[in-house]
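>>> One predicted model, sequence on top.
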Amino acid sequence: QQSLKLGELVCDELVGRAYMSLGKLHFQVDNWDQAADCLSQSVSYYQRGLGFEHVRVALPYHTMAEVLQKQGKLKEAEDQALKALELRRRSFGDMTSAPVRQSKALLEKIRQCRQELLELAASEADKVWAEHRDKNRPLFDGCS
């Protein structure tokens, strides 16, 4: 019985690794949706075979964050990058290990993209508001 359980866990880890490889291949050729599907499967199999807190689960989270960033889904990308960073921090400890630095750099890049988009949106909103104000037309009911 225990031998069977151990075999299932090893199999889950191997399937997780296979999905991870497929996800990376799809990522490299810009097949974002297929990459995301494979990476999600990788997380599931790794978690089942290795546990939710195992450091290997961080790699598909990290790569998923990159995929989501490419798709412009920055909030979701930030969530995945945070998961990767936390798992790697717990496993490697400090901020000097390469995997932790890699996840931290990705997270910072995603946050910078979000900030730039927010600033751009605010600038565009100001332009629209000014245009309507200059024409003495309310933009929304109740606004002047």
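Perfect, thanks for sending it. Numbering: from 1, shown residues only.
>>> so where do the strands sit in the chain?
Secondary structure of the chain (DSSP state E): no strands present.
>>> helices and strands around the lengthiest helix in the chain, which ones?
If you go by DSSP state H, the chain has its longest helix at helix 98-134. With contacts taken as 3 or more C-beta pairs under 8 Å, 6 or more residues apart in numbering; DSSP states H and E, helix 98-134 sits against helix 58-70, helix 74-92. (C-beta placed from N, C-alpha, C; glycine too.)
>>> how about those helices, which one is nearest Q47?
helix 58-70 (9.8 Å; C-beta to C-beta).
>>> what about the chain, any weak spots by pLDDT?
By pLDDT under 70, the weakly predicted segments of the chain are 1-7, 9, 133-134, 136-144.
>>> rerun at 90
The model of the chain has pLDDT under 90 over residues 1-13, 49, 91-97, 122-144.
>>> Double-check S103 against V55; I have them as touching.
No: look at S103 against V55 with C-beta atoms under 8 Å: they stay out of range, at 11.0 Å.
>>> any residues in contact with both of those two?
Taking C-beta atoms under 8 Å, 6 or more residues apart in numbering as the criterion, S103 and V55 both touch R88.
>>> So which of those two has more stuff around it?
Each of S103 and V55 has its neighbours counted (other C-beta atoms under 10 Å); S103 has more, 28 against 16.
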